[in-house]
Structure formats: C-alpha cells, structure tokens
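Student: here is the input, now give the coordinates:
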Amino acid sequence: MSVRLRDLRKHYAGQKALDGVTAEIPAGEVCGLVGPNGAGKSTLLKILATLVRPDAGSAEVAGADVRRQPDLVRARIGYLPESFGVYEGMDVEEYLEFFALAYRIPKGRRRALIGDLLSLVDLTSKRDADVASLSRGMRQRLGLARALVHDPPVLLLDEPTSGLDPRARLEFGALVRELRSLKKTVLVSSHLLEDLAEFCTTVIVLEKGKLVASGPLGGLAPTDGRRPVEVEVLERGKDAEALLAGEPAVRGLERDDGRLRFEVDGGPEEVARVHQKLAAAVPLLWFRERGDRLLEAFLRHTKGEVS
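Tutor: Numbers count the residues shown, from 1 in each chain. Reported below is the predicted structural model:
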C-alpha cells in the first residue's frame, strides 16, 4: 500500500479532529478525501505531510512512518496546500530552480527537469513570467510542478481546485489523470464531488473526524446499475443524439443547453464502450460521468456534522 492509516487520532483543545481513522490507499490510485468543512481532511493531509504529529495511531507513506521517519516521508511526497505563497521577484524558471536546489537536484539535470515539468503543467510559455503575475489556475499548476521537482511517488493535494474557474478546474483534472498515468499515488482533498468524479478512482469520506465510508468511487454511487453521463460534441450534435438514441444501453437521453445527458446501463466497461463508439462517429469536446449522483450518495453517508 502506498498510504496506510491505522487508528489515527488527533485532538485540538479537546476537539477530535481525527478519531480512529483506519484506511489504505493502493499505489497508483487517485483517492478523493471528502467530507464537510471541519471534518478533518486538512489535518489528515498535514499529518501525512509530517507538518502535524498524530496523538495516537500510525500512518505510513510509501513505506515510511510519519512519526519515526519524517525525513524519509518528505522525500517521498509532494505536498500542495490549499493556500501557498510565491516569491515575488522570481520568474517561473527561477522559482522551480530554487526548489530543485533545495532538493539537491544536480545542476546538470535542473534545466531539462524544469523544462519537462513546465511541459507537463502547460506553463512552458510562462517560463520567464514573474510568478506574481500568474492567474490562480496557473499558480496551482506551478505549485504542482514544484511538488513534483523531486519526482515523489505520492502527492498530497489540499483543495487544489478551490477558487478556480470551470476551465481551470477541467485543466487541473486532466493534469491529475496524467499523473495517474505516470503511476503516481494521489490523495486529493475536495468538497467538489463533480471534480472528484472527473479524476478519482477511490474515495475516503470523513465526518466529525471519523471514517464513514471508503472504497472505489463507484461504491459511493447508487447501486441501480446505471451510471449518469454527459457529453458535448464539437459539431454534428444531431448525429450524436441519433446514435445514442439507438444504443440499447442508453436511458433517459435529453439535451441540456447543447449538452447531451443520459444514463448507461452497466458498469465502467459499458460506459467505456459507449464512449468509444460515440468518439469513433463524432468529434467530442468531452465525455464524462456526472457527479450529481455522487452528491446524492455523499449526502446519504454524511449529516454535515463537524468536529
């Protein structure tokens, strides 16, 4: 397991921020950490980042114990807090150069490494831009590049899409999916379930510091066998609508402001089949499972209570 929690506990002034959390996140998974505000999400991430010591229990990250081996844990994680500052007066390349030096990346490797990271987060054109001039979305991507400087196997992201506009959120989701393809294990805290539906494979749900649900993302959704999907095509929308209308697995097809919404009978494999068939026939802007039913499931698991 890449991340292992055993009876993890943390109190603040008598309040239980974490109350006996036990969970495992397999290597290579993107795990969504969700719960009401004050449920303990940020505390859990800070413990895994070795910024806060637990009162009891244990936590391991990539085989290193957060209590006994904090330096080893820090070498194996990339941490992106919800709010982070940038050093004004530095350009983007200098910013990443600074952190590469802090991680003792050999000088001969730094320029190529920075180039690769900027390409990954789509900031190559901003290489010489002052970091203070970047938009919030660009700063988030720069922060992720900084977290990846030392090529850690595990990434801890605290509300990475909070405050981003819809386009920036979609771009960040695509970036997280790219990280999974690179075999990174990602633990991402968010209250935006529609975002988690875009890129997470597993989920941990906290409430009042307790673990109330965990497992594959689909395990939080209703078990009626139908998966909600929405699609937007670049052109020839009528062709897409006609194709979907003739697909036996598609139910409840409707048009919503240029988008097509429907449900697919069956599991992820059936959704993938419909996606492949549609993509072969018409140009798609995007095809995604909707997060609204995840929201319904989240509301069933939680009551909105905080510690």
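Student: run through who's touching stretch 267-279.
Tutor: With contacts defined as C-beta atoms under 8 Å, 6 or more residues apart in numbering, stretch 267-279 is touched by 218, 225, 227, 229, 231, 240, 243-244, 247, 249-250, 264, 284, 287, 289. For the C-beta atoms, the positions are set from N, CA and C on the backbone; glycine is no exception.
Student: make a ChimeraX selection of the buried ones in the residues you listed.
Tutor: Taking 16 or more other C-beta atoms under 10 Å as the burial criterion, the selection of buried members of the contacts of stretch 267-279 in ChimeraX is written as:
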select :218,227,229,231,240,243,244,247,249,250,264,287,289
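Student: looking at this structure, which helix is longest?
Tutor: Assignment by DSSP state H gives helix 166-181 as the longest helix of the chain.
Student: any idea what residue 284 is bridged to?
Tutor: Taking DSSP bridges, one obtains residue 233 as the residues bridged to residue 284.
Student: residue 232 is in contact with that one, correct?
Tutor: Yes. Counting by C-beta atoms under 8 Å, residue 284 sits close enough to residue 232 to count as a contact (7.3 Å).
Student: who touches both of these two?
Tutor: Contact with both residue 284 and residue 232 is made by no residue, according to C-beta under 8 Å, 6+ apart.
Student: now do the residue nearest the centre of the chain against residue 139, distance only.
Tutor: Computing the C-alpha centroid of the chain and ranking residues by C-alpha atoms, centre = their mean puts residue 188 first, at 4.3 Å. Shown here: residue 188 relative to residue 139, a distance of 17 Å by C-beta to C-beta, to the nearest Å.
Student: what do you get for residue 118?
Tutor: Distance of residue 118 to residue 139, given as C-beta to C-beta: 14 Å.
Student: more crowded one of the two?
Tutor: residue 118 (20 against 17; other C-beta atoms under 10 Å).
Student: can you tell me the element that one falls in?
Tutor: When secondary structure is defined using DSSP states H and E, the element that contains residue 118 is helix 107-120.
Student: which is the succeeding secondary structure element to that helix?
Tutor: Proceeding N to C from helix 107-120, the next assigned helix or strand is helix 136-147, under DSSP H and E.
Student: need the CA coordinates for the next helix-or-strand element following that next one. PDB is fine.
Tutor: Beyond helix 136-147 on the C-terminal side, the first helix or strand identified by DSSP H and E is strand 154-158. Listed in PDB are the C-alpha atoms of strand 154-158, where the atom choice follows Å, rounded to 0.1, in the frame of the first residue of the first chain:
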ATOM      1  CA  VAL A 154       2.900  10.200  -3.600                       C
ATOM      2  CA  LEU A 155       1.200  13.500  -4.000                       C
ATOM      3  CA  LEU A 156      -1.000  15.200  -1.300                       C
ATOM      4  CA  LEU A 157      -3.300  17.900  -2.800                       C
ATOM      5  CA  ASP A 158      -5.400  20.000  -0.400                       C
END
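Student: run the angle between strand 154-158 and helix 166-181 for me.
Tutor: Angle, strand 154-158 to helix 166-181, by axes from the mean of the first three to the mean of the last three C-alpha atoms, to 10 degrees: 160 degrees.
Student: how far is strand 154-158 from where the chain is centred?
Tutor: Counting by C-alpha atoms, centre = their mean, to the nearest Å, strand 154-158 is centred 8 Å from the centre of its parent chain.
Student: so what secondary structure elements neighbour that strand?
Tutor: Secondary-structure packing of strand 154-158 (3 or more C-beta pairs under 8 Å, 6 or more residues apart in numbering; DSSP states H and E): helix 41-48, strand 77-80, helix 136-147, strand 185-189.
Student: save those as a markdown table, and put in distance to residue 270 and mean pLDDT too.
Tutor: Shown next, in a markdown table, are the helices and strands packed on strand 154-158 (distance: least, C-beta to C-beta, whole Å; pLDDT from 0 to 100):
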| stretch | distance to residue 270 | mean pLDDT |
| --- | --- | --- |
| helix 41-48 | 32 | 96 |
| strand 77-80 | 35 | 96 |
| helix 136-147 | 33 | 93 |
| strand 185-189 | 26 | 95 |
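Student: I'd like these laid out as CSV, including distance to residue 19.
Tutor: As requested, the helices and strands packed on strand 154-158 are arranged in CSV below (distance: least, C-beta to C-beta, whole Å):
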stretch, distance to residue 19
helix 41-48, 11
strand 77-80, 23
helix 136-147, 29
strand 185-189, 17
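Student: quick one on the thing from earlier: flag every buried residue along the helix holding residue 118.
Tutor: With burial defined by 16+ other C-beta under 10 Å, the residues of helix 107-120 counted as buried are 110, 113, 114, 117, 118, 120.
Student: OK, contacts around the fifth one?
Tutor: With contact set as C-beta under 8 Å, 6+ apart, residue 118 has these partners: 92, 93, 96, 124, 126, 127, 145.
Student: dump the residues you listed to a markdown table, plus distance to residue 275 and neighbour count.
Tutor: Putting these into a markdown table (distance: C-beta to C-beta, whole Å; neighbours: other C-beta atoms under 10 Å) gives the following:
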| residue | distance to residue 275 | neighbour count |
| --- | --- | --- |
| 92 | 36 | 24 |
| 93 | 38 | 19 |
| 96 | 36 | 26 |
| 124 | 30 | 14 |
| 126 | 33 | 20 |
| 127 | 35 | 14 |
| 145 | 30 | 26 |
